[in-house]
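**Student:** Pasting the sequence and the predicted coordinates here, then a few questions.
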Amino acid sequence: QKEVEQNSGPLSVPEGAIASLNCTYSDRGSQSFFWYRQYSGKSPELIMFIYSNGDKEDGRFTAQLNKASQYVSLLIRDSQPSDSATYLCAVDTGGGNKLTFGTGTQLKVEL
Amino acid sequence: DAGVTQSPTHLIKTRGQQVTLRCSPKSGHDTVSWYQQALGQGPQFIFQYYEEEERQRGNFPDRFSGHQFPNYSSELNVNALLLGDSALYLCASSTQQVLETQYFGPGTRLLVL
């Protein structure tokens, strides 16, 4: 069983809409959760990380964590074509930022 | 302020050969982690170096080894290359105080023939 699971997509949303990306994880002891964005042919860029249950907002991005359900999500408000990329969910499964990544969800924002 | 740099950008090797990849962390960073990303997959954690020691290791065989130098730069060595080692190798740097804020380099794309 994969430790971090994401729907590979592609997820298509119209420009200006809210994109919702989801991730589940298997290790109940995980403490830190991350979202990275990766454009085609480029390296991952950190969007944000979250530790506590609930929501954490940064600009157009909101991360949501539910440890009881082992579920973390990323909402992107007012989606733009420049948001089209693969979004990687990562979980610190060993402490000390030893990250386990999902396979990523491809997001396409259409004009 | 230079970000994370890696060399070389691309590399072609044959099975059984050995390869060394290099990484210079972002200025002010003291911790370097290495990841392997196969096509269509997420990055997989190889190991992490701090104070010139391997602090954490992922599920990779001993053929994968590394080193960190006093200036915090790092090398990844892979011996006895297999076809399955073909991937993008990513280096990421951070500080021990804020490990979560990790910056990735552009990567080295390795092709094993």
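**Tutor:** Sure, I can see it.
**Student:** what ranges do the strands span in chain B?
**Tutor:** Remark: strands assigned in chain B by DSSP state E are B:5-7, B:10-13, B:19-24, B:31-37, B:44-50, B:53-57, B:64-68, B:74-78, B:87-94, B:103-104, B:108-112.
**Student:** For the first one, name the packing helices and strands.
**Tutor:** Based on contacts counted as 3 or more CB pairs under 8 Å, 6 or more residues apart in numbering or on different chains; DSSP states H and E, the elements that strand B:5-7 packs against are strand B:19-24, strand B:87-94. For every residue, glycine as well, the C-beta is placed using N, CA and C.
**Student:** okay if I get these as TSV plus mean neighbour count, distance to chain A and mean pLDDT?
**Tutor:** Rendered in TSV, the data for those read as follows (neighbours: other CB atoms under 10 Å in any protein chain shown; distance: least, CB to the nearest CB, whole Å; pLDDT from 0 to 100):
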stretch	mean neighbour count	distance to chain A	mean pLDDT
strand B:19-24	20	12	98
strand B:87-94	24	6	97
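**Student:** which residues touch the residue in chain B positioned nearest to chain A?
**Tutor:** Closest contact between chain B and chain A, by CB to the nearest CB, is at residue B:42 (3.1 Å). Neighbour list for residue B:42: A:4, A:88, A:90, A:101, A:102, A:103, A:104 [criterion: CB atoms under 8 Å, 6 or more residues apart in numbering or on different chains].
**Student:** How about residue B:59?
**Tutor:** residue B:44.
**Student:** beta partners for residue B:87?
**Tutor:** For residue B:87, the beta-bridge partners are residue B:110 (DSSP bridges).
**Student:** Can you report how many residues neighbour residue B:82?
**Tutor:** The burial count assigned to residue B:82 is 12, neighbours taken as other CB atoms under 10 Å in any protein chain shown.
**Student:** same deal with residue A:13?
**Tutor:** Other residues near residue A:13 come to 17 when the count uses other CB under 10 Å.
**Student:** for chain A, what are the low-confidence residue spans?
**Tutor:** Chain A contains residues with pLDDT under 70 at A:1-2.
**Student:** Can you get me a residue count around whatever residue of it ends up closest to chain B?
**Tutor:** For chain A and chain B, the shortest gap (CB to the nearest CB) falls at residue A:101, measuring 3.1 Å. Using other CB under 10 Å, residue A:101 has 24 other residues around it.
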